[in-house]
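A.B. asks: Give me a 3D structure for the following:
(chains A and B)
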Amino acid sequence: MTMLLDLITGYWWDARDLSNMTRPLYEFLRDQGVSDAGIFVISALLGTLAIISFVGAVAIINIWVERRVVGRMQSRLGPNRLGPFGLLQPIADAIKLMQKEVLQPASAPGWIYTVAPIAFTVPGIAILAVIPWGRNMVLANLDVGLLYILGLSSLAVLSVFMAGYSSNNKYSLFGAMRVIAMLVSYEIPIVAGLLGIVLFAGSMNLQEIVLFQEEHWAFMIMLQPLAFLIYFFSISAELNRTPADIAEAESEIVGGYHTEYSGMKFGLFYAAELINAVAVSAIIATLFLGGWWTYKLDEFIPGWMLLIGKIYGVYFIFVWTRGTLPRFRIDQLLAFAWKWLTPMALINVIVVAAEVLLWNETGWSDWFWIPAIIAINTALCVGLIVFFVKVFAPKFQRFPTRPRFYPGIDVPSLPAVTPPDFARKGGPA
Amino acid sequence: MPFDALLGNYLAVFLATIVGFGLIATALIAARLLAPFSKEENKRTSYECGMTPIGSTRAQFSFRYYIFAILFIIFDVEAVFLFPWAVTLVDASKTAFWEMIVFIGVLGAGLAYAWKKGVLQWNRE
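C.D. replies: As a prediction, this is how the structure comes out:
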C-alpha cells in the first residue's frame, strides 16, 4: 500500500488532486520567464475549461438520469431504445433540438426575447466556478463566495421575467408573475437560513466553510439541521421543479414563461434547469455535507470524486421529490415561505448566534461544544417543526370512509342495495 | 511583478462567465447553421395556447403580487445588515449581539403585523 502511494504521490499522474497535473506546466512556464499574472490567467483558463466540460457532460448525462429515475418511480421504463439502457438518448435529443427551426413570433421582436435564455443559463455555470473541488482545487476562491452564490441564484428571477414579458403572451406573463411572487418569497428563508452557516464558520468563503467542517470533525448538516431543511425546501422552489413548478404548470398555463420558445432557445431553458439543479446540489454538498472532506475517506478517494458523489446523492433527492409530490398551489407555496420558513429561519439565526457567542466566551473545548450544539439544534429543529405543525397546519376535515370504525357518527345509508356482507354482520352501514 | 490574489479570483470568475457565454453561443450558432429557416408569415404568429390570440396581452394582475414584492424588499434589506454582522460576530462586542436581536425582533414584529392584517393570505375567504 505504501509502495503504491509512493509511486503516485507528487507526480503529475496523481489524480487525487488535479492540481498535480498542471504543476509541471506552470513550472515550465515560469522557467520560460512568464509573469505571475500570465501563469494565473493560463491556470484560470484551464480550470474554466474543466468546469465547462463538467457542465456539458452533466447537462447531457442528467437528462438520461432524470428520465430513467422518474420513469422507474412511475413504474415505466424510461428511454431504453438508443444504445445500452438508452444512454444515447440525450445525444439524440440534443441533435434533434439543434436541427429544429427557431421560431420567433412577430409579436415578440425585441432582443430581450433572445437574451433571456442566455441570462438563465450563465449563472448556473458561474456558480460552479466558486465551488471548491479539493484542498488545492478552487478555481475562484472568493472571500464573499456565499454572497456571490446568493446574488447569482436570484438572477433567475430576472431572466424568467425577461422571457415571460418579452414573449408578448398572456400565459407567459402569468407564469412570469407567479415566478416573481414565489422566488421573491423564498429568497428570504434562503438568506436567513444560510446565515447560521456564516455564523459558525465566521466566513463567507466556501473553502473556509469546508475547512471549518474538517477542523471540527462534523458535517454542517449535523450542526444546522433546520437550516438544511429550510434551504432544501426553498431552493427546490427556486429551481422551478415539479413540486413547485407553478411557473410552467402545463395543465394550467400552457408552458408558462417558455411557451413561445422553440428549438435551441427552448433547449437552453431545458439545459439551464438541469445545470442549475446540479449547481444547487453542489452548493448543498459543499455547505452542508462537507464538500470534498469526508472523515478520512478523502485520503483514499480523491476529494473531487467524493464531491461528485455527494452532488449526485443530493440530485437524486431532487429527482425523488419531483417523482413523488404533486404540484402545490401558489397560496400554499407563499404561505409556507412566509408563515413557516421565515419565522423558523429567524429563530434559528438568534439561537446560533447565542451558541457561537457562548462557545467563544466560555472557552471550553470543542469536545463539549460540538455534541452540545448538535443536540441543541436537533432538538430545536424537531421542536419548531412539531410546534408549527400543531399550531399553524390547516385542520383537515376527515370524512369517515369506513363507518364500522366510527360508531359515534351516524352515516346515512346509501340509496343503493346494502351489501350482503354488511347486512349479515349488522354493522352501522 | 506582484499579482493581486483578490483580483485574480475575480478574473477567474470573469473568465468562467465568458467561457460560459461562449458555450451558449456555440449552441445557438450551431442551431442557426443546422436548423431550417423559412420566412413564411404564418410561422411567426404567436402560439399562446394554440388559438389566435384575443385581446391585449398586457393583462391586469392581482395587487397581492405588489404587496409580496414590498414585503420582500423590507426583508431583503435586512440581509445587507445581517451578513457583515454574522462574519464579525465573534470579534465584535456582545452589544452587537443584543442590537441584532432587537433588529430581528422589530422585523419579526413587522412580519407578525402583516400576518395579522391578512397580507400573507393569498385567497381571502
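
A.B. asks: confidence score at residue A:315?
C.D. replies: Here, the pLDDT recorded for residue A:315 equals 92.

A.B. asks: give the contact list for the residue lying closest to it once chain neighbours are set aside.
C.D. replies: Nearest residue to residue A:315, sequence neighbours excluded (C-beta to C-beta, 6 or more residues apart in numbering or on different chains): residue A:281, at 4.5 Å. Using the backbone N, CA and C atoms, a C-beta is placed for each residue, glycine as well. By C-beta atoms under 8 Å, 6 or more residues apart in numbering or on different chains, residue A:281 lies in contact with A:310-312, A:314-315, A:318.

A.B. asks: Return the closest of the residues you listed with respect to residue A:229.
C.D. replies: residue A:314 (13.2 Å; C-beta to C-beta).

A.B. asks: Go through the host helix or strand of that closest one and flag the buried ones.
C.D. replies: Using DSSP states H and E, residue A:314 sits within helix A:303-324. Under the neighbour-count criterion of 16 or more other C-beta atoms under 10 Å in any protein chain shown, helix A:303-324 has A:303-304, A:306-308, A:310-312, A:314-315, A:318-319, A:321-322 buried.

A.B. asks: Could you list the buried residues of the helix ranked longest in chain B?
C.D. replies: With secondary structure taken from DSSP state H, chain B has its longest helix at helix B:5-34. Residues of helix B:5-34 classed as buried: B:8-9, B:11-13, B:15-17, B:19-20, B:23-24, B:27-28, B:31 (neighbour count, 16+ other C-beta under 10 Å).

A.B. asks: out of the residues you listed, which touch chain A?
C.D. replies: B:8-9, B:11-13, B:15-17, B:19-20, B:23-24, B:27-28, B:31 (C-beta under 8 Å from any C-beta of the partner chain).

A.B. asks: dump the residue contacts of the most centrally placed residue in chain A.
C.D. replies: Centroid-nearest residue in chain A: residue A:280, 3.4 Å away (criterion: C-alpha atoms, centre = their mean). Contact analysis of residue A:280 by C-beta under 8 Å, 6+ apart lists A:153, A:235, A:238-239, A:314, A:318.

A.B. asks: Point out where chain B drops to low pLDDT.
C.D. replies: B:1-6, B:124-125 (pLDDT under 70).

A.B. asks: Domain parsing of it, as residue ranges.
C.D. replies: B:3-44, B:63-117 (automatic domain parsing).

A.B. asks: Could you report the separation of the closest residue to chain B within the stretch 301-429 of chain A from residue B:64?
C.D. replies: Per C-beta to the nearest C-beta, residue A:331 is where the stretch 301-429 of chain A lies closest to chain B, at 3.4 Å. Counting by C-beta to C-beta, to the nearest Å, the gap from residue A:331 to residue B:64 is 9 Å.

A.B. asks: what is in contact with those two at once?
C.D. replies: Residues touching both residue A:331 and residue B:64 (C-beta under 8 Å, 6+ apart): residue B:122.

A.B. asks: For these two, indicate the residue with more neighbours.
C.D. replies: Legend: neighbour count by other C-beta atoms under 10 Å in any protein chain shown for residue A:331 and residue B:64, higher for residue B:64 (18 against 13).

A.B. asks: Contact partners for the residue nearest to the more buried one when sequence neighbours are not counted?
C.D. replies: Spatial nearest neighbour of residue B:64, excluding adjacent residues (C-beta to C-beta, 6+ apart): residue B:122 at 6.2 Å. Applying C-beta under 8 Å, 6+ apart to residue B:122 gives the contacts A:330-331, A:334-335, B:64.

A.B. asks: how about the residues of the stretch 251-400 of chain A near chain B?
C.D. replies: Applying C-beta under 8 Å from any C-beta, we find that the stretch 251-400 of chain A lies next to chain B at A:254, A:259-260, A:263-265, A:267-268, A:330-331, A:334-335, A:338-339, A:342-343, A:346, A:349-350, A:353-354, A:356-357, A:360.

A.B. asks: Kindly recompute the last result at 7 Å.
C.D. replies: Taking C-beta under 7 Å from any C-beta of the partner chain as the contact definition, the stretch 251-400 of chain A meets chain B at A:254, A:259-260, A:263-264, A:268, A:330-331, A:334-335, A:338-339, A:342-343, A:346, A:349-350, A:353, A:356-357, A:360.

A.B. asks: Which members of those are classed as buried?
C.D. replies: Neighbour counting by 16+ other C-beta under 10 Å classes A:254, A:259-260, A:263-264, A:268, A:330, A:334-335, A:338-339, A:342-343, A:346, A:349, A:353, A:356-357 among those as buried.

A.B. asks: Is residue A:161 in a helix, a strand, or coil?
C.D. replies: When classified by DSSP: H, G, I helix; E, B strand; the rest coil, residue A:161 comes out as helix.

A.B. asks: That one - how many residues pack around it?
C.D. replies: Around residue A:161 there are 21 residues (other C-beta under 10 Å).

A.B. asks: go on, the one 4 residues further on?
C.D. replies: For residue A:165, the count of nearby residues is 21 (other C-beta under 10 Å).

A.B. asks: Could you do residue A:298 as well?
C.D. replies: 21.

A.B. asks: Quick check, it in contact with residue A:304.
C.D. replies: No - in this structure, residue A:298 is not within contact of residue A:304 by C-beta atoms under 7 Å, at 9.6 Å.

A.B. asks: shared neighbours, those two?
C.D. replies: residue A:292 (C-beta atoms under 7 Å, 6 or more residues apart in numbering or on different chains).

A.B. asks: So which helix or strand of chain A has the lowest pLDDT on average?
C.D. replies: Least confident helix or strand, chain A: helix A:420-425 with a mean of 52, by mean pLDDT, DSSP states H and E.

A.B. asks: right, and residue A:221 touches residue A:289 too?
C.D. replies: Yes - Residue A:221 is within contact range of residue A:289, at 6.2 Å (criterion: C-beta under 7 Å).

A.B. asks: Excluding chain neighbours, what is closest to residue A:45?
C.D. replies: Leaving aside its chain neighbours, residue A:45 sits nearest to residue B:15 (6.1 Å; criterion: C-beta to C-beta, 6+ apart).

A.B. asks: and the one you found, how far is that from residue A:140?
C.D. replies: Distance, residue B:15 to residue A:140, by C-beta to C-beta: 9 Å.

A.B. asks: which residues are in contact with both of these two?
C.D. replies: In contact with both residue B:15 and residue A:140: no residue, using C-beta under 7 Å, 6+ apart.

A.B. asks: pLDDT below threshold where in the stretch 301-429 of chain A?
C.D. replies: A:394-429.

A.B. asks: redo that, cut-off 90
C.D. replies: Applying pLDDT under 90 to the stretch 301-429 of chain A flags residues A:301-307, A:321-340, A:355-373, A:388-429.

A.B. asks: so where do the helices sit in it?
C.D. replies: Here the stretch 301-429 of chain A has its helices, by DSSP state H, counting those that start in this stretch, at A:303-324, A:330-335, A:342-362, A:366-392, A:420-425.

A.B. asks: Then chain B?
C.D. replies: Ranges of helices within chain B are B:5-34, B:64-87, B:94-116, based on DSSP H.

A.B. asks: Next, format the ones you listed as CSV and append distance to residue A:366.
C.D. replies: CSV is the format used below for the helices of chain B (distance: least, C-beta to C-beta, whole Å):
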stretch, distance to residue A:366
helix B:5-34, 30
helix B:64-87, 20
helix B:94-116, 21
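
A.B. asks: Which among those is found nearest to residue A:244?
C.D. replies: Proximity to residue A:244 (C-beta to C-beta) singles out helix B:64-87 among those, at 15.3 Å.

A.B. asks: what about residue A:152, which helix or strand?
C.D. replies: Per DSSP H and E: residue A:152 is located in helix A:145-153.

A.B. asks: The closest residue to residue A:83 other than its chain neighbours: how many residues sit nearby?
C.D. replies: Nearest residue to residue A:83 in three dimensions, chain neighbours excluded: residue A:89, at 7.4 Å (C-beta to C-beta, 6+ apart). Residue A:89: 20 surrounding residues under other C-beta under 10 Å.
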